[in-house]
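Q: Everything below, folded, please.
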Amino acid sequence: MSYFVVCTAALLTSGLTLYSGFGLGTLLLPVFALFFPLEVAVAATAIVHGANNIFKIAMVGKNADFAIVWRFGLPAVVAALAGAAALGYVAHFGEIARYAVGTRTAVITPIKLVMAVLMFVFALFELLPRLKSLQFDRKYLFLGGILSGFFGGFSGHQGALRSAFLVKVGISTEAFVGTNAVIGCMVDVARITTYLTLFLTVGASGLFAAGQWRLVVAGALAAFAGVVIGKRFLHKITMKTVQTVTGLLLLGIAFALGSGII
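A: Just a heads-up that it's a prediction; the model follows:
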């Protein structure tokens, strides 16, 4: 049962998020948390997310706009290191509220509220006709990289802010997907390296048992399949569709973060 649930979730979310450029980690973490302790679920999600980005580069990386990659991605990587380091500093910040949703406990924190507001605002730019036609000048790519990278290192939600900027800079669907994949992989390497360093510093070891590794690998393979299937339809997807998908996912994740569900 666990393999079916994890693989189905990884397949569907990977195919869908190929177009939006974010959401795989956010949607997959609760699924892994059904079968693993939370700290193991976080590690499993990070592994699948990183492996999926590498696979996406192999599939669509050639379409990336590398002028954007460098102007957006390099500051994002630096900011991701700062965000990952800052995570330890603010880990003691108190929660604002806590409540039960069935058997799940929802926790609202300051950082979740800030991220929720940012995502809600960006969602409006993708969904409201008056704002949907606006484009960001490429001079704002550096700022976008800083914001996306920092929150990526801090909370893991870097893809949403990245997509919100990149969808507005006037590139094709193929270039958007390829550029997103390359920058996402750069940030993943930076933040996972920082997490691993901090993890080894405290002397922890052996998060995964043998059976758990098999489930993680199965999830990664299912995510790869989602990318392959999604790529088959990439040429049929317009940027208008990408904007709508991005906006709806932003709204959903903003609500989930702001309410403390994730």
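Q: Show me where the stretch 1-150 of the chain has its helices.
A: With DSSP state H, counting those that start in this stretch, the ranges of helices along the stretch 1-150 of the chain come out as 2-20, 24-33, 38-60, 66-68, 74-90, 110-127, 129-132, 141-155.
Q: Now the longest one: buried residues?
A: For helix 38-60, a neighbour-count test (16 or more other CB atoms under 10 Å) marks 40-53, 55-57, 59-60 as buried. In this view, the C-beta of every residue, glycine as well, is placed from N, C-alpha and C.
Q: for stretch 116-123, same thing?
A: Buried-residue list, stretch 116-123, by 16+ other CB under 10 Å: Ala116, Leu118, Met119, Phe120, Phe122, Ala123.
Q: And these, which is closest to Val182?
A: Val182 lies nearest to Phe122 out of these, by CB to CB, at 20.9 Å.
Q: Who are the contact partners of that closest one?
A: Ala160, Leu161, Ala164, Leu250 (CB atoms under 8 Å, 6 or more residues apart in numbering).
Q: of these, buried ones?
A: Buried subset of those (neighbour count, 16+ other CB under 10 Å): Ala160, Leu161, Ala164, Leu250.
Q: Pull the most distant pair out of the residues you listed.
A: Top of the distance list for these (CB to CB): Leu161 and Leu250, 9.3 Å.
Q: Could you name every residue contacting both of the two?
A: Shared contacts of Leu161 and Leu250, counting by CB under 8 Å, 6+ apart, come down to Met119, Phe122.
Q: who are the neighbours in contact with Gly159?
A: Thr17, Ser20, Gly21, Phe22, Gly23, Leu24, Gly25, Ser148, Gly152, Asn180, Gly184.
Q: Isn't the second one up against Gly247?
A: When you say that, I think you mean Ser20. No: Ser20 is beyond contact range of Gly247, at 9.2 Å (criterion: CB atoms under 8 Å).
Q: So for these two, which residues contact both of them?
A: With CB under 8 Å, 6+ apart, Ser20 and Gly247 have no common neighbours.
Q: one step back: take the helices of the stretch 1-150 of the chain and lay them out in JSON lines including mean pLDDT and distance to Ala254.
A: Below are the helices of the stretch 1-150 of the chain laid out as JSON lines (pLDDT from 0 to 100; distance: least, CB to CB, whole Å):
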{"stretch": "helix 2-20", "mean pLDDT": "83", "distance to Ala254": "14"}
{"stretch": "helix 24-33", "mean pLDDT": "75", "distance to Ala254": "11"}
{"stretch": "helix 38-60", "mean pLDDT": "79", "distance to Ala254": "20"}
{"stretch": "helix 66-68", "mean pLDDT": "91", "distance to Ala254": "25"}
{"stretch": "helix 74-90", "mean pLDDT": "79", "distance to Ala254": "19"}
{"stretch": "helix 110-127", "mean pLDDT": "76", "distance to Ala254": "4"}
{"stretch": "helix 129-132", "mean pLDDT": "72", "distance to Ala254": "16"}
{"stretch": "helix 141-155", "mean pLDDT": "82", "distance to Ala254": "13"}
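Q: So for Val217, which of the ones you listed sits nearest?
A: Nearest to Val217 among these is helix 38-60 (8.9 Å), distances taken as CB to CB.
Q: quick one: average pLDDT of the lengthiest helix in the chain?
A: Taking DSSP state H as the criterion, the chain has its longest helix at helix 173-201. The average pLDDT within helix 173-201 is 78.
Q: List the buried residues in that helix.
A: Neighbour count says helix 173-201 has 173-188, 190-192, 194-195 buried, by 16+ other CB under 10 Å.
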